[in-house]
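Enquirer: I'd like to go over a predicted model; first the sequence, then the structure.
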Amino acid sequence: MRIVITGGCGFLGSHIARYFIKKGHRVVVIDNLLTGRIENVSDLFETGRFEFIKYDVTNYIHVSGKVDAVLHFASPASPLDYMKYPIPTLKVGALGTHKTLGFAKEKKAIFMLASTSEVYGDPLINPQPESYWGNVNPIGPRGVYDEAKRFAEAMTMAYHRYHKMPVRIARIFNTYGPNMRVNDGRAIPNFITQALKNKPITVYGDGKQTRSLCYVSDLVRGIYKLLLSDINEPVNLGNPEEITLLELAKIIKGLTKSKSRIVFKPFPVDDPKVRRPDITLAREVLRWKPQISLKDGLLKTIEYFKKELKI
């Protein structure tokens, strides 16, 4: 297949590009490098099956030749990023989704949307199944990301229903691994960077809020299986094992043998208290579930961050 990946220089997009190339496919990455890094994919040029286009996908998209699938992964994804770039985040979720759907329709290609667990907002039920409509504050600081993705899902399903297009919607839960930026702002990069530098590890609130953490290679396998399936409705992809952020901070402190102390800061506005996917659909239909343990995944990520920080 020949695959177009928007946001393919980002954390997730770069791993997906690499996976598809290893599977023998050809990949075209489109990225404006707002939060992505060309270093994440620079080794792929040597394969002869990789192309890169620096471009903003909120504009009309043109790629010559056959395209079998369009994976729309372009968007700031860290709260630090989408609060810094609120309008580009909304634009890539709305205009970018519209342009990539139109491009996929023109090419008669499968369209995949990288959605997010953030469509559930601060959920009132736990775990969250795909049938849950969510609890989102549309005008809060996180609303620029949450509502951009909710709108993107609505537009994707509209194209599926009206144009009979084959679509895939991956609701991605917290994922981590190599290629995350040191200054990403999310919990794992923050904790690892602070621990490796022996600086205070900052936990927000009382640290009892939970996350479910999926190692990136597991998630990419799920993305691949979902693309090759015939499921047009949203599918949760993530690790159903739940952990508090305070527990996570302590585990990372132990794995890095850090001298850091854990300090507490005020709870961010609208930060979700719980986050755990119900992956029944992925298990039953895709025959997918995460396989990498938290400890093994964290050790691989810590090694990557040591190289990035030159420690």
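Expert: Great, that's in hand. All figures in this text were calculated on a predicted structure; none of them were measured in a lab.

Enquirer: any weak-confidence spans in the stretch 51-200 of the chain?
Expert: Counting by pLDDT under 70, the stretch 51-200 of the chain contains no low-confidence segment.

Enquirer: check contacts around Tyr176.
Expert: Contact partners of Tyr176, counting by C-beta atoms under 8 Å, 6 or more residues apart in numbering, are 186, 188-189, 213-216, 297-298, 301. For glycine as for every other residue, the C-beta is placed from the backbone atoms N, C-alpha and C.

Enquirer: at 10 Å instead, please
Expert: Shown in contact with Tyr176 (C-beta atoms under 10 Å, 6 or more residues apart in numbering): 11, 184, 186-189, 192, 211, 213-216, 219, 294, 297-298, 300-301.

Enquirer: Just the ones of these in helices?
Expert: Secondary structure from DSSP state H places 11, 187-189, 192, 216, 219, 294, 297-298, 300-301 of the contacts of Tyr176 in helices.

Enquirer: Nearest to His98 among these?
Expert: Set against His98, the nearest of the ones in helices among the contacts of Tyr176 by C-beta to C-beta is Phe11 (24.1 Å).

Enquirer: pretty sure that closest one contacts Val41?
Expert: No: applying C-beta atoms under 10 Å, one finds Phe11 not in contact with Val41, separated by 11.4 Å.

Enquirer: Mutual contacts of those two, please.
Expert: Both Phe11 and Val41 are in contact with Asn179, where contact means C-beta under 10 Å, 6+ apart.

Enquirer: How is this structure divided into domains?
Expert: In terms of domains, the chain is parsed into 2-175+214-237, 181-211+241-275+292-309 (source: automatic domain parsing).

Enquirer: With adjacent residues omitted, what lies nearest to the residue sitting furthest away from the middle of the chain?
Expert: The centre of the chain is farthest from one residue, Lys259, which by C-alpha atoms, centre = their mean lies 30.8 Å away. Nearest in space to Lys259, with sequence neighbours left out and distances taken as C-beta to C-beta, 6 or more residues apart in numbering, is Asn198 at 4.7 Å.

Enquirer: In contact with the one you found: list those residues for me.
Expert: If you count contacts by C-beta under 10 Å, 6+ apart, Asn198 has them with 256-261.

Enquirer: Would you show me how to pick out the buried ones of these in ChimeraX?
Expert: For anyone working in ChimeraX, the buried entries among these, judged by 16 or more other C-beta atoms under 10 Å, can be selected with:
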select :256,258,260
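
Enquirer: Mind putting the contacts of Asn198 into TSV with pLDDT?
Expert: Shown next, in TSV, are those (pLDDT from 0 to 100):
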residue	pLDDT
Thr256	97
Lys257	97
Ser258	97
Lys259	97
Ser260	96
Arg261	97
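
Enquirer: Looking at the contacts of Asn198, spot the one nearest Asn236.
Expert: Within the set of those, Thr256 lies nearest Asn236; the separation is 30.4 Å, counting by C-beta to C-beta.

Enquirer: How many neighbouring residues does the closest residue to that closest one other than its chain neighbours have?
Expert: Spatial nearest neighbour of Thr256, excluding adjacent residues (C-beta to C-beta, 6+ apart): Ala195 at 4.2 Å. Residues within reach of Ala195, counting by other C-beta atoms under 10 Å, total 24.

Enquirer: Surely Ala195 forms part of a helix?
Expert: Yes: looking at Ala195 with DSSP: H, G, I helix; E, B strand; the rest coil, it is inside a helix.

Enquirer: ranges for the helices of the stretch 201-311 of the chain?
Expert: For the stretch 201-311 of the chain, applying DSSP state H, counting those that start in this stretch gives helices covering 216-228, 245-255, 280-281, 294-309.

Enquirer: Comparing those, which stretch has the densest surroundings?
Expert: Per-residue neighbour counts averaged over each of the helices of the stretch 201-311 of the chain give the maximum for helix 216-228, namely a mean of 20 (mean count of other C-beta atoms under 10 Å).

Enquirer: Show the model's pLDDT score for Gly13.
Expert: We have a pLDDT of 98 for Gly13.
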